[in-house]
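*Asks:* After the sequence you'll find the predicted model.
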Amino acid sequence: MNIKRAKQEIKDTVSAYLLKDACGEYEIPSVRQRPLLLLGAPGIGKTQIMEQTARECGIALVSYTITHHTRQSAIGLPFIQEKDFGGRKKAVTEYTMSEIIASVYEKMEKTGLREGILFIDEINCVSETLAPAMLQFLQCKTFGAHKVPEGWIIAAAGNPPEYNKSVREFDVVTMDRVRKIEVEPDFDVWKEYAVSVGVHPAILSYLSVRPSHFYQMENTVDGRQFATPRGWEDLSRMLEVCEQIGKTVDREVVVQYLQHERIAGEFANYLELYHRYQKDYGIEEILKGTIRETMLKKLAHASFDERLSVVSLLLSGCKTGFREEQLQKRFVEGLFGKMKEARRLLTGEHEGKQMPFEVLEELYRENEAYRKRQKEAELLTREQERELSRLSVTLNAYGMELKKASPAAGEEALELLRELFAKERMDYEEDKARSAAYLENVFDFLELAFGDSQETAVFVTELNSDPAAMAFLEDYPCERYDRYNQRLLFEQGDQEILGEIDELLK
């Protein structure tokens, strides 16, 4: 199955395994909660979906790569304990608690989360001395003498033997006690994820034209060559940072991430053209509403790949605007909630109990404490953590402004806060207006350059796959988007009907 379906299977398993009856007992007792075993090629996102599932389900995650462990760290160290048997003292060997089990208890103590996922990666690549312990772990949910606490779901992942020489095959007895989920790479599913996390548009554009390059694993005379989803995503982050610091990413850099000579070379060539098109066609000018006749003439004689690259660059500009607008919107909404709380503490029965700046300091401390708790529990995405950090910085700045102004009364302090908040609200309105203008300007260009063509259909289709774009279009009705999208839906419906007719005639 693809990674999206696998993630849903894991989330459904979490819901089922953690469901309790009226007496507070798990509907599926721990002994019947089969561990999940994900098997799939390297780099397709097995570890990531565990992190995402735990975050989205609001439970804890303890993750270990078992190849880094010895028998002692996994099971514990032996020590001699004296016990009484039949009235006689006997020396008995016991074991200290496993480092892995201890980590589960530490996670519960730090986060306050009593339920979670214990994830063991590379489970079928353990050393010979640790292999029996892994079988015991999957069968009995214990490491040595210590059980995994109730409420913790066991999940493991491994690579098939064709990708790893260290793989050990589990026997039938073990496999009959796990839920095996075989995961395969799927570009369309990965693309949904890539759009949501902002993978570099050059990568999305390239792979949309050459989806077979998304995942490649080949044996050659020079050894194994490969390109994986993990490689593309890590390369994306490098591209973003290099653009910020003005560095060039060439073939020598690309091949460090895509260890497939041909794919790395082709993408490096495409990337060079991609950046050249950005300058040649004046993408920034188009977004701001300037359309030159020379651009249209050049595009009229361009190859299909070049035209798609220009569409991708325009999409990238629009999507960046949409993301910034949505980030500002969420920030303003969060800040507005804090301002309502400040108003409550500065007026009515609370008035005069705290200095105005102390109210903002209190809100700042509460927000920081919440951010740190959520971060410790690993329940925040990178974007969510940045939003909370920005909110803390703003609350602290507002407190400094109140301290400097020293307003005499609550209403006076509120008036100053309203002025400060109005600036953030104005920034949001400006972001919204700019994004709307970009969208209208791009439609102007597309109609002049392509008319009602495949390129325009690609633009609308890609908008439909972007969560930030869809959220923006809910607030900002765009007549041309609605018109083209409606036409696209009709065409897709016609194609589905024709396909069904073909199937019936076969």
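*Replies:* Okay, I see it.
*Asks:* Residue ranges in the stretch 1-150 of the chain under the pLDDT threshold?
*Replies:* Scanning the stretch 1-150 of the chain for pLDDT under 70 picks out the ranges 68-73.
*Asks:* right, and Tyr281 touches Met295 too?
*Replies:* Yes: Tyr281 is within contact range of Met295, at 5.4 Å (criterion: CB atoms under 8 Å). (C-beta placed from N, C-alpha, C; glycine too.)
*Asks:* more crowded one of the two?
*Replies:* When Tyr281 and Met295 are compared for neighbours, Tyr281 comes out ahead with 24 against 20, by other CB atoms under 10 Å.
*Asks:* okay, now the domains of the protein?
*Replies:* 3-74+100-184, 339-506 (automatic domain parsing).
*Asks:* Looking at those domains, which is nearest to Glu233?
*Replies:* In terms of CB to CB, the element of the domains of the chain nearest to Glu233 is domain 3-74+100-184, at 8.7 Å.
*Asks:* mind checking the end-to-end distance for the closest one?
*Replies:* 7 Å (CA to CA, to the nearest Å).
*Asks:* Next: stretch 189-205.
*Replies:* 15 Å.
*Asks:* Begin at 646, not 1, for the rest of this chat.
*Replies:* Renumbered: residue one is now 646, and that last one reads stretch 834-850.
*Asks:* Run through who's touching it.
*Replies:* 647-649, 690, 852-853, 859, 874, 877-878, 880-881, 884-885, 912, 915-916, 919, 953-954, 957-958, 960-961, 964, 968, 1110-1112 (CB atoms under 8 Å, 6 or more residues apart in numbering).
*Asks:* Now list the buried members of those residues.
*Replies:* Buried by 16 or more other CB atoms under 10 Å: 647-649, 690, 852-853, 859, 874, 877-878, 880-881, 884, 912, 915-916, 919, 953-954, 957-958, 960-961, 964, 968, 1111, out of the contacts of stretch 834-850.
*Asks:* distance of the residue most central in space within the chain from Thr965?
*Replies:* The chain has Val842 as the residue nearest its centroid, 5.7 Å off, counting by CA atoms, centre = their mean. In this view, Val842 and Thr965 are 14 Å apart by CB to CB, to the nearest Å.
*Asks:* Mind listing what's buried along stretch 883-893?
*Replies:* Across stretch 883-893, burial judged by 16+ other CB under 10 Å covers Met883, Leu884.
*Asks:* what about that stretch, average pLDDT?
*Replies:* Average pLDDT, stretch 883-893: 90.
*Asks:* Stretch 1071-1084 now?
*Replies:* 92.
*Asks:* residues making contact with it?
*Replies:* Contacts of stretch 1071-1084 (CB under 8 Å, 6+ apart): 932-934, 962-963, 966-967, 969-970, 973-974, 977, 1117, 1120-1121, 1123, 1126.
*Asks:* which residue sits closest to Asp816 in space, ignoring its chain neighbours?
*Replies:* Leu780 (7.7 Å; CB to CB, 6 or more residues apart in numbering).
*Asks:* same deal with Glu1069?
*Replies:* Distances taken as CB to CB, 6+ apart place Val977 nearest to Glu1069, at 5.5 Å, with adjacent residues excluded.
*Asks:* wait, the one you found sits on Arg1070?
*Replies:* Yes: counting by CB under 8 Å, Val977 sits close enough to Arg1070 to count as a contact (5.9 Å).
*Asks:* Which of those two has more residues huddled nearby?
*Replies:* More crowded of Val977 and Arg1070, by other CB under 10 Å: Val977, with 18 against 14.
*Asks:* any idea of the mean pLDDT for the helix or strand where the more buried one lies?
*Replies:* Assigned by DSSP states H and E, Val977 falls within helix 949-991. Averaged across helix 949-991, pLDDT comes to 90.
*Asks:* show me what contacts the nearest residue to Leu706 once chain neighbours are set aside?
*Replies:* Nearest residue to Leu706, sequence neighbours excluded (CB to CB, 6+ apart): Ala699, at 3.8 Å. Residues near Ala699 by CB under 8 Å, 6+ apart: Ala705, Leu706, Gly761, Ile762, Glu1023, Leu1024.
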